[in-house]
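Colleague: Below: sequence and its predicted model.
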Amino acid sequence: MTTSKLIIGNSLPNIPWEDKPEGRTDVVWRCSKNPVIPRHQSPTANSIYNSAVVPFKDGFAGVFRCDNRARNMTIRRGFSKDGLNFHIEDDNIDFICDDPEIGHFIEGYDPRVIQLDGKYYITWCNTYHGWSIGVAWTEDFEKFYQMENAFLPYNRNGVLFPRKIGDRYAMLSRPSDTGHTPFGDIWYTESPDLTFWGKHRHVMSSRRNGTVNWEMTKVGAGPVPIETTEGWLMIYHGVITTCNGFTYSMGVALLDLDEPWKVIYRAKPSILAPEELYECVGNTPNVVFPCAALTDADTGRIAIYYGCADTCTGLAFTQADELVDFLKENSGV
C-alpha cells in the first residue's frame, strides 16, 4: 500500500492514460480513442455502457452492461491487457446462488465492481419484484456467487466503499420508484455482514433551488469512492430535465472520511457534460454516466469509465490534486 500526495491506495503503473491536451483548461479531459468500447464489441450486443472495470492480475477485468439485440439488459464479463481494448464475452454471467428465488436472474444493469476483503464484489440494479440492488462476489471472474439483495425495491446506483467505515461495510444508493425516477437523492447505508443493511443517512439531494441547473432533477453515485487524505472523492452523475428530456452530466464532491454522509465540498459546475457526438446521439441522447474509476496512488492519476448516450463506453482522465483544487475553488450548496 502506497500513499501519494492525495490518493490512499495502490500504485497502478499500467493505468490507461493520456496527458491533458495542450491549451486545455478542463479539469477532466476525454481519451482520444473514445469510445473505447463500441456498442458492438460483442456481436450479440446492441450496446455496451454503464460498466465497471478493475485491475486484475497483470491487466484489467470488468463487469459490463450489455443490452442484447432484443434490448434485454444483461450483465457480462470482459478482460483487457491495457484498459483500452476489451474482449467482452457473448454469454451472460451465470450467477451461482443457494436460494433459487433470489438467484433467478431476469434482467440487471449498471454494475459496479470493487476489490474488498480479498474478493471482487459486484453490485448492480437487479430485478426482484422491482428494481433493487443485487450483490455478488467472485475471486477469479470465472465463477460469480450471488448474495442477498441489499435493499427493498425500489433502488438504483448501489456503490460499495472500498473498505469498512469503522467496523461496518458501507454503500451509497439512490432510492427510486417503479418508473424512470424523475427525482433522486444519494443515501449512505451500513452493514455488519453485507447481508443486513441499516443506519441510513442522507448524503445529498439534487439542487432544486435553481442556483445550479445541471443536476436539478436527480443525482446518483458513480464509481467506487476514491479515498484521499482529504476525504472520499465521490464522482457522480447529475440530471437536468429539459424540453428534450433528461440530460446526464458528471459531477464531483468530497465526503468526510469517518462519516461519509457528510459533504465537505461539492462543485457547482459539472466536470464532464455531453458534448461529443457519441455522448449526444444513441439509444438515449445526451448522457454521460460514470461507473468506474482506476487510480494510481503514485502519480495521482484517475481514469474514469463512463457510459455514452446509453450506447457505448468512453474514458476520461483527471489528476487527483487538480480535482480537489477544482472542488475547493468551485464548491457551493
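Modeller: Received it, and whenever you're ready, just let me know what you need. Numbers count the residues shown, from 1 in each chain.
Colleague: would you list every one of the strands in the stretch 51-200 of the chain?
Modeller: 59-68, 73-80, 86-88, 108-116, 119-127, 131-138, 145-146, 155-160, 169-175, 186-191, 198-204 (DSSP state E, counting those that start in this stretch).
Colleague: quick one: average pLDDT of the helix ranked longest in the chain?
Modeller: For the chain, the helix with the greatest residue count under DSSP state H is helix 320-330. Mean per-residue pLDDT for helix 320-330: 97.
Colleague: what are the ranges of the helices in the chain?
Modeller: Assigned by DSSP H, the chain shows helices spanning 100-103, 277-280, 320-330.
Colleague: Tell me which of these lies nearest to residue 236.
Modeller: Among those, the nearest to residue 236 by Cβ to Cβ is helix 320-330 (12.5 Å). All C-beta atoms are positioned from the backbone trio N, CA, C, and that covers glycine.
Colleague: Show me where this structure dips below the pLDDT cut-off.
Modeller: For the chain, the stretches flagged by pLDDT under 70 are 1-4, 333.
Colleague: spatially speaking, which residue is in the middle of it?
Modeller: Closest to where the C-alpha atoms of the chain average out (Cα atoms, centre = their mean) is residue 291, at 2.1 Å.
Colleague: on that earlier part again, for the longest helix of the chain, packing partners?
Modeller: strand 226-228, strand 231-242, strand 245-255, strand 263-266, strand 301-308 (3 or more Cβ pairs under 8 Å, 6 or more residues apart in numbering; DSSP states H and E).
Colleague: Make TSV from these and add mean neighbour count and distance to residue 107 to it.
Modeller: Listed next are these as TSV, based on neighbours: other Cβ atoms under 10 Å; distance: least, Cβ to Cβ, whole Å:
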stretch	mean neighbour count	distance to residue 107
strand 226-228	23	30
strand 231-242	22	21
strand 245-255	22	20
strand 263-266	18	33
strand 301-308	26	17
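Colleague: Adding distance to residue 166, write the ones you listed out as TSV.
Modeller: Output for the helices and strands packed on helix 320-330, formatted as TSV (distance: least, Cβ to Cβ, whole Å):
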stretch	distance to residue 166
strand 226-228	14
strand 231-242	14
strand 245-255	15
strand 263-266	18
strand 301-308	26
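Colleague: between those, which gets nearest to residue 104?
Modeller: Nearest of the helices and strands packed on helix 320-330 (Cβ to Cβ): strand 301-308, 26.3 Å.
Colleague: Each with direction, which strands does that closest one pair with?
Modeller: When pairing is defined by DSSP bridges, strand 301-308 lines up against strand 288-296 (antiparallel), strand 312-319 (antiparallel).
Colleague: Deepest in the core, which of those is it.
Modeller: Stretch with highest mean neighbour count among these: strand 288-296 (a mean of 26; mean count of other Cβ atoms under 10 Å).
Colleague: Now do that strand and strand 245-255, the angle between them.
Modeller: 30 degrees (axes from the mean of the first three to the mean of the last three Cα atoms, to 10 degrees).
Colleague: Relative to the whole chain's centre, how far out is strand 288-296?
Modeller: With Cα atoms, centre = their mean, to the nearest Å as the basis, strand 288-296 stands 6 Å off its chain's centre.
Colleague: before we move on, what about stretch 77-96?
Modeller: Using Cα atoms, centre = their mean, the offset of stretch 77-96 from its chain centre is 17 Å.
Colleague: got a list of contacts for it?
Modeller: The contact list for stretch 77-96 (Cβ atoms under 8 Å, 6 or more residues apart in numbering) reads 14-16, 31, 33, 36-37, 41-45, 48, 51, 53, 56, 58-64, 66, 74-76, 103, 105, 136, 141, 143-146, 294, 303, 315.
Colleague: Now that stretch: buried residues?
Modeller: Of the residues in stretch 77-96, 77-80, 83, 86, 88, 92-93, 95 count as buried by neighbour count, 16 or more other Cβ atoms under 10 Å.
Colleague: likewise stretch 190-199?
Modeller: 190-191, 194, 197.
Colleague: any residues touching that stretch, and which ones?
Modeller: 121, 135, 147-148, 150-151, 165, 167-171, 189.
Colleague: Kindly recompute the last result at 7 Å.
Modeller: For stretch 190-199, the surrounding residues in contact (Cβ atoms under 7 Å, 6 or more residues apart in numbering) are 135, 147-148, 150-151, 165, 168-170, 189.
Colleague: got it, and stretch 167-183?
Modeller: Contacts of stretch 167-183 (Cβ under 7 Å, 6+ apart): 130-131, 133, 150-151, 154-161, 184-192, 194, 203, 217-218, 220-221, 241, 260.
Colleague: CA atoms of that stretch as PDB?
Modeller: C-alpha atoms of stretch 167-183 as PDB (Å, rounded to 0.1, in the frame of the first residue of the first chain):
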ATOM      1  CA  ASP A 167     -16.200  -1.900  11.600                       C
ATOM      2  CA  ARG A 168     -19.100  -1.800   9.000                       C
ATOM      3  CA  TYR A 169     -19.300  -2.200   5.300                       C
ATOM      4  CA  ALA A 170     -20.800   0.800   3.600                       C
ATOM      5  CA  MET A 171     -22.800   1.500   0.400                       C
ATOM      6  CA  LEU A 172     -24.200   4.500  -1.400                       C
ATOM      7  CA  SER A 173     -27.500   4.200  -3.200                       C
ATOM      8  CA  ARG A 174     -30.400   6.200  -4.600                       C
ATOM      9  CA  PRO A 175     -33.900   5.100  -3.600                       C
ATOM     10  CA  SER A 176     -36.300   5.400  -6.500                       C
ATOM     11  CA  ASP A 177     -39.700   4.300  -7.800                       C
ATOM     12  CA  THR A 178     -41.300   2.000 -10.400                       C
ATOM     13  CA  GLY A 179     -40.500   4.200 -13.400                       C
ATOM     14  CA  HIS A 180     -37.600   6.300 -14.700                       C
ATOM     15  CA  THR A 181     -37.400   8.200 -11.400                       C
ATOM     16  CA  PRO A 182     -37.900  11.900 -12.000                       C
ATOM     17  CA  PHE A 183     -36.300  12.600  -8.600                       C
END
